[in-house]
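Chemist: Sharing a model prediction with you, sequence too.
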Amino acid sequence: MKIAISGKGGVGKTTIMALLANQFKKEGKEVLIIDADPSPHMAQTIGIKEIDKIKPIADMTELLVERSGKVKGSPFYQINPQVDDLLQKFMIEQDGIRLMVLGSIQTAEGGCACPENTVLKRMLTKLLLSPSQVVLLDMEAGVEHLGRGTIAGVDHLLIVVIPSKSSVRTARKIKKLALESGIPKISFVGNLIQDEGDEDFLQEALGETPVALFANSSIIRKAERNGQPLTQLTEQVSDAPEKLVQFLQGGG
């Protein structure tokens, strides 16, 4: 299963992704997180200390060009580059959760067939090996990533939205573009919910009920301030991660 998460900047995508990864791990899944945000923070969020040892795939320019099979002087790239050995080479593990950081994907214009996108899309295909494995894609904020094609082929897109008009506007735009991209399943996830008024606002503004609601948690805020990995929280934040995993595994 391949799940992507998106939303406006500052809505808590990375936080929810970390909690989701931890819940999947508790339920016996093999979890790989791919941090595809140009400003990656997932490593700190799940407690990886040796961040300098992580090699972003998109930074390996020469290797990517070589693997994508671009012919000198030609604008075209091979669509099926060999990437099997890259899958382990660029992974790092913490507490049973594996992480890859893609880094910034540079494109001259939306939809271009750059070598980074060609190789990364192929890698995502290779990573889906069995029903026991879950790949979680933490996408960059906003809507730009939907024009790059890397998100194409995911099984489910989760759009994180907080109870604010600007967040809702971005979330609705993401859903529209995702539908045009052919993503089969798209769901909203509410975050920073304080009361029923917030729940009612999201339901009315979105035109549908979010599949999970994450509370505005003081436990999470304290953990982040203290540098505590969210995957190592001893206190139960809420049952939202469990409900979200159940929804995703039930086919949504």
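Modeler: All right, it came through fine.
Chemist: would you put the C-alpha positions of the helix ranked longest in the chain in PDB?
Modeler: Scanning the chain for the helix with the most residues, using DSSP state H, yields helix 165-181. Output in PDB follows, covering the C-alpha atoms of helix 165-181 (Å, rounded to 0.1, in the frame of the first residue of the first chain):
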ATOM      1  CA  LYS A 165     -10.400  29.100   5.600                       C
ATOM      2  CA  SER A 166      -7.000  29.300   4.000                       C
ATOM      3  CA  SER A 167      -6.200  25.600   4.800                       C
ATOM      4  CA  VAL A 168      -9.600  24.600   3.500                       C
ATOM      5  CA  ARG A 169      -9.000  26.500   0.200                       C
ATOM      6  CA  THR A 170      -5.700  24.800  -0.300                       C
ATOM      7  CA  ALA A 171      -7.200  21.400   0.600                       C
ATOM      8  CA  ARG A 172     -10.000  21.700  -1.900                       C
ATOM      9  CA  LYS A 173      -7.600  22.800  -4.600                       C
ATOM     10  CA  ILE A 174      -5.300  19.800  -3.900                       C
ATOM     11  CA  LYS A 175      -8.300  17.400  -4.100                       C
ATOM     12  CA  LYS A 176      -9.400  18.900  -7.400                       C
ATOM     13  CA  LEU A 177      -5.900  18.500  -8.900                       C
ATOM     14  CA  ALA A 178      -5.500  15.000  -7.400                       C
ATOM     15  CA  LEU A 179      -8.800  13.900  -9.000                       C
ATOM     16  CA  GLU A 180      -7.500  15.200 -12.400                       C
ATOM     17  CA  SER A 181      -4.300  13.200 -11.800                       C
END
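Chemist: which helices and strands sit right next to that helix?
Modeler: Judged by 3 or more CB pairs under 8 Å, 6 or more residues apart in numbering; DSSP states H and E, the packing partners of helix 165-181 are strand 2-7, strand 156-161, strand 186-193, helix 196-206. For glycine as for every other residue, the C-beta is placed from the backbone atoms N, C-alpha and C.
Chemist: Relative to N226, which of the ones you listed is closest?
Modeler: Smallest distance to N226 across the helices and strands packed on helix 165-181 (CB to CB): 19.4 Å, for strand 186-193.
Chemist: Within the sheet, what are the partner strands of that closest one, with directions?
Modeler: strand 156-161 (parallel), strand 212-215 (parallel) (DSSP bridges).
Chemist: Contacts for the last one next, please.
Modeler: In other words, strand 212-215. 12, 16, 19, 189-194, 199, 237-238, 240-241, 243-244, 247 (CB atoms under 8 Å, 6 or more residues apart in numbering).
Chemist: just the longest one next, same as before
Modeler: For strand 156-161, the surrounding residues in contact (CB under 8 Å, 6+ apart) are 1-8, 11-13, 16, 151, 167-168, 170-171, 174-175, 178, 183-191, 202, 206, 210-211, 244, 248, 252.
Chemist: Which of the residues you listed are buried? Put it as a ChimeraX command.
Modeler: Restricted to buried positions by 16 or more other CB atoms under 10 Å, the ChimeraX selection for the contacts of strand 156-161 reads:
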select :1,2,3,4,5,6,7,8,11,12,13,16,151,167,168,170,171,174,175,178,183,186,187,188,189,190,191,202,206,210,211,244,248
